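> Here is the input, now give the coordinates:
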Amino acid sequence: MRITIHSLGKFISHREVKELVQSAFAREQHRKR
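Next up, the predicted model:
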């Protein structure tokens, strides 16, 4: 998963990547709880 985000970062802007990572991280935490 980290590799995918890293490769996406090269194409997408830093701000968009941050939003994607935060949303994905929030979803994972929500699933664990």
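
> Which pLDDT value belongs to the residue nearest the centre of the chain?
Nearest residue to the geometric centre of the chain (C-alpha atoms, centre = their mean): V21, 2.1 Å. Here the pLDDT value assigned to V21 is 88.

> Checking it next. Helix, strand or coil?
Assigned by DSSP: H, G, I helix; E, B strand; the rest coil, the conformation of V21 is helix.

> element containing the nearest residue to it once chain neighbours are set aside, please.
Using C-beta to C-beta, 6 or more residues apart in numbering and skipping residues adjacent in sequence, the residue nearest V21 is I5, 6.1 Å away. For every residue, glycine as well, the C-beta is placed using N, CA and C. Using DSSP states H and E, I5 sits within helix 2-11.

> Next, the residues that contact that helix from outside, please.
Identification of contacts with helix 2-11 by C-beta atoms under 8 Å, 6 or more residues apart in numbering yields 17, 20-21, 24.

> Likewise for stretch 23-33?
Against stretch 23-33 from outside (C-beta under 8 Å, 6+ apart): I5.

> Centre of the chain to that stretch, how far?
11 Å (C-alpha atoms, centre = their mean, to the nearest Å).

> With only the CA atoms kept, save it in PDB.
Listed next in PDB are the C-alpha coordinates belonging to stretch 23-33 (Å, rounded to 0.1, in the frame of the first residue of the first chain):
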ATOM      1  CA  SER A  23      -9.100   9.600   4.300                       C
ATOM      2  CA  ALA A  24      -7.600   6.100   3.800                       C
ATOM      3  CA  PHE A  25      -6.100   6.200   7.300                       C
ATOM      4  CA  ALA A  26      -9.400   7.300   8.800                       C
ATOM      5  CA  ARG A  27     -11.200   4.500   7.000                       C
ATOM      6  CA  GLU A  28      -8.700   1.900   8.300                       C
ATOM      7  CA  GLN A  29      -9.000   3.100  11.900                       C
ATOM      8  CA  HIS A  30     -12.800   3.100  11.600                       C
ATOM      9  CA  ARG A  31     -12.800  -0.500  10.400                       C
ATOM     10  CA  LYS A  32     -10.500  -1.600  13.200                       C
ATOM     11  CA  ARG A  33     -12.800  -0.100  15.800                       C
END
